[in-house]
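Chemist: Got a predicted structure here, sequence first:
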Amino acid sequence: MIQVFFRYSCICFLLITTSAFTSIDEDISVAKVFSDNMVVQQGLRIPVWGYAQPGVKIKVRLAGNTVQTSAGNDRRWVAHLPAMPYSGPHVIQVSGKHFTLNFTNVMVGEVWLASGQSNMEFSVGSVVDAENVATQANFPMIREFRVPKRISKTPLPDLDGGNWKICDSENVREFSAVAYFFAQAIHLKRKVAIGIIHASWGGTPVEAWTSADKLKTHADFQKIDTLLNTSEDWVQLQALSYKIDSIRDQTMLTADEGIKQRVHLPDYADANWQRTSYPIKTLGIKAPPYSFTWFRKTITISDADLGKDFKLLPGQMIESNIIYFNGVEIGRGMYQNKSYPISKSLIRSGKNVIAIRLLSQWGNGQLGNSHNNPMFLSLDSTVKISLEGEWLFNSTIEPPLHKAVDYQNMPSVLFNAMINPLIPYPIKGVIWYQGETNSGRYNQYKVLQPLLFNDWRTRWKLGDFPFLFVQLPGLVETSWQWMREAQAASLNYPNTGMAVSIDVGDAYDLHPRNKKPIGERLALLAQKIAYGENLVSTGPSYKSSLVIDTTIHIQFNNVGSGLISSDNTPLKNFLIAGKDHVFYKADARIVGDEIIVRSPQVGQPVAVRYAWEAIPTVNFYNKEGLPAVPFRTDDWHQ
């Protein structure tokens, strides 16, 4: 904790270097965003603030600069230290009449606010090659302040705790992965200390991060005052929600009713179970959004094949799952798409049963997908039994998993509790990874995302600081192509940049683990927008088009050193349509800095779309290795 209360009972001068102390007369607090190891923004005035009894005088010192201030009638005090260049380590000293408080190992460098939902919250400890990444993360000049999760109906003056942590192989595991890779790239390029203030919360919508005053300017949120002024105690209800979620989480760990009922055994009576066809999504079979579903599939093995070892390839499974073959567990995990060896000793003549217990959260449960070829295959490849077709399922075996109300998703509650208390801590800019939760309201998002960053810019009073955001990757069974377009609409505002992730996601995982390219692409944007470097910071983006006879010629911004096919094969995922609005697969060729698109099925072309589907396969880049931004030349509502 950083909040410090000072009380004294003797006539002595106290030198305090801890972060918690109490004083009877002066009753002074320092905002919790200040702590040892902090990074403050270079080149901008450095405000230090807190609360005290009205009239109490406070001095703040940094690197030979001393500023004196006093608490106003509202008890708030603020001292503005002069702007400083990159330097450190320093000590920020806050003192009153009877105490002195020192914040040590303070660096003057670059500070960025990282915010959003779960893909910003996603930690380094869960990324691809996480152990190796953590082992090499010896960067004492990179620090992160993690804003504690909290909600409030009204703007709060301070946070609920937190402290600045230095990047090392242990601490980094809990850092935001996107923010870490961003900070690492900036640090290595600019050789300055990088401070990340990390405020994110999985599953939350953009409106939760926007102030009520700003939201009221949107027609859909004009009644927000009525919502926020209800007598319900959302903080108390949120605490109850945590308890409900905790019970659910414990149930997920301990549920074993299926095993008790012997559901995994071959002779279990499943004749009354429901039937469906592979691939299977739990939403499609109307399983509750939070639930366990048991699946069973019977296959037949002939006597002639009993002496063979097999492997089971069930396809992509989302999320947590346990797989049994003839009653024996053969594998378990999360988000697998693996092969499972089946010893010949487990195989019976005639009836053999595959049983799978699958966990679904947020309705994301899935057994297989249209790209899989599920198979029970002998190791010598002489026996191939398809696992497509009918499967039996039952979602009522295990105890129900109750989901509490997510009060953190209410409008403005995260701005009030997690963003407002940070203001006016100077920042260089914002990196933002959010949009999944709002993807079903993509037209609204075209307005809501700019509302958010204009709201923050106004309140920080630092001008149009950079707002750099991540465009959503691909994901099966979504309409994210429309959300990606909604996000890109923010590029019409000054000092905004968009990191394209269409080529580094995971089509079957809402939380792709390959976060390094995302952080590095955000860093490229920062180098250009925030630091004024003359470089190519993004891939080709649509500029204009021209119909010439049976072709459409597309011009681009951000061509860089030239347009390429990344794998030297014909460009993929271009579509072309005529006046009938029917799109056909198109031939797309690079000619200089243009793409010429045509199709023999469209004699009079009108429109082109690129990467305009949920999970497009892409190979259109510039020579700098950055993927083209998905686009369309039409404005049709389909």
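Modeler: That came through, no problem.

Chemist: State the distance from the closest residue to residue 46 other than its chain neighbours to residue 112.
Modeler: Of all residues not flanking residue 46 in the chain, residue 81 sits nearest, at 4.1 Å (C-beta to C-beta, 6 or more residues apart in numbering). (Each C-beta comes from the backbone N, C-alpha and C, glycine too.) Taking C-beta to C-beta, to the nearest Å as the measure, residue 81 falls 20 Å from residue 112.

Chemist: Those two: who's more crowded?
Modeler: residue 112 (28 against 19; other C-beta atoms under 10 Å).

Chemist: Distance check, the residue nearest to residue 46 against residue 34.
Modeler: The gap separating residue 81 from residue 34 is 12 Å, by C-beta to C-beta.

Chemist: what mean pLDDT would you report for the strand or helix carrying residue 444?
Modeler: Here residue 444, judged by DSSP states H and E, is contained in helix 442-460. Averaged across helix 442-460, pLDDT comes to 98.

Chemist: again, but for stretch 254-263
Modeler: On average, stretch 254-263 scores 96.

Chemist: cool, and stretch 614-628?
Modeler: Stretch 614-628 comes out at a mean pLDDT of 96.

Chemist: if we can go back for a sec, residues shared between the contacts of residue 81 and residue 34?
Modeler: By C-beta atoms under 8 Å, 6 or more residues apart in numbering, residue 81 and residue 34 have these common neighbours: residue 48.

Chemist: can I see the domain layout of the chain?
Modeler: Listed by automatic domain parsing, the domain ranges of the chain are 14-109, 110-226+408-529, 257-394, 541-632.

Chemist: Mind telling me what element residue 567 is part of?
Modeler: Going by DSSP H and E, residue 567 is not part of any helix or strand.

Chemist: Give me the neighbour count for the residue nearest to it when sequence neighbours are not counted.
Modeler: Excluding the flanking residues, the one nearest residue 567 by C-beta to C-beta, 6+ apart is residue 619, at 5.1 Å. When neighbours are defined as other C-beta under 10 Å, residue 619 has 17 of them.

Chemist: With only the CA atoms kept, save the longest helix seen in the chain in PDB.
Modeler: Determined from DSSP state H, the single longest helix within the chain is helix 234-254. Extracted in PDB, the C-alpha atoms of helix 234-254 (Å, rounded to 0.1, in the frame of the first residue of the first chain):
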ATOM      1  CA  TRP A 234     -23.100  -2.600  -6.200                       C
ATOM      2  CA  VAL A 235     -20.000  -2.900  -4.200                       C
ATOM      3  CA  GLN A 236     -21.800  -5.200  -1.700                       C
ATOM      4  CA  LEU A 237     -23.500  -7.100  -4.500                       C
ATOM      5  CA  GLN A 238     -20.200  -7.500  -6.300                       C
ATOM      6  CA  ALA A 239     -18.700  -9.000  -3.100                       C
ATOM      7  CA  LEU A 240     -21.700 -11.500  -3.100                       C
ATOM      8  CA  SER A 241     -20.900 -12.200  -6.800                       C
ATOM      9  CA  TYR A 242     -17.400 -13.000  -5.900                       C
ATOM     10  CA  LYS A 243     -18.600 -15.600  -3.400                       C
ATOM     11  CA  ILE A 244     -20.900 -17.100  -6.000                       C
ATOM     12  CA  ASP A 245     -18.100 -17.200  -8.500                       C
ATOM     13  CA  SER A 246     -15.800 -18.700  -5.900                       C
ATOM     14  CA  ILE A 247     -18.400 -21.500  -5.300                       C
ATOM     15  CA  ARG A 248     -18.600 -22.100  -9.000                       C
ATOM     16  CA  ASP A 249     -14.800 -22.200  -9.300                       C
ATOM     17  CA  GLN A 250     -14.600 -24.700  -6.500                       C
ATOM     18  CA  THR A 251     -17.300 -26.800  -8.100                       C
ATOM     19  CA  MET A 252     -15.300 -26.900 -11.400                       C
ATOM     20  CA  LEU A 253     -12.400 -28.300  -9.500                       C
ATOM     21  CA  THR A 254     -14.300 -30.900  -7.500                       C
END
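
Chemist: ok, and which of the domains of the chain has the densest surroundings?
Modeler: Most buried of these by mean neighbour count (mean count of other C-beta atoms under 10 Å) is domain 110-226+408-529; its value is a mean of 21.

Chemist: can you pull the contacts of residue 192?
Modeler: Applying C-beta under 8 Å, 6+ apart to residue 192 gives the contacts 42, 86, 109-110, 141, 186.

Chemist: could you redo the last one with a cut-off of 7 Å?
Modeler: Residues in contact with residue 192 (C-beta atoms under 7 Å, 6 or more residues apart in numbering) are 86, 109-110.

Chemist: And for residue 316?
Modeler: Taking C-beta under 7 Å, 6+ apart, we find residue 316 in contact with 337, 366, 368-369, 372, 508.

Chemist: what residues are up against residue 564?
Modeler: Contacts of residue 564 (C-beta under 7 Å, 6+ apart): 621-623.

Chemist: whoops, I mixed them up, residue 122
Modeler: Counting by C-beta under 7 Å, 6+ apart, residue 122 makes contact with 177, 511, 515.

Chemist: Also residue 352?
Modeler: Taking C-beta under 7 Å, 6+ apart, we find residue 352 in contact with 266, 299, 301, 326.

Chemist: hang on, the earlier thing: and the residue nearest to residue 567, what does it touch?
Modeler: Applying C-beta under 7 Å, 6+ apart to residue 619 gives the contacts 565-567, 569, 571-572.

Chemist: where does the residue nearest to residue 598 when sequence neighbours are not counted land on pLDDT?
Modeler: Nearest residue to residue 598, sequence neighbours excluded (C-beta to C-beta, 6+ apart): residue 551, at 4.5 Å. In this model, residue 551 is scored at 98, pLDDT.

Chemist: from memory residue 551 sits against residue 597, does it?
Modeler: Yes. With contact defined as C-beta atoms under 7 Å, residue 551 reaches residue 597; the gap is 6.4 Å.
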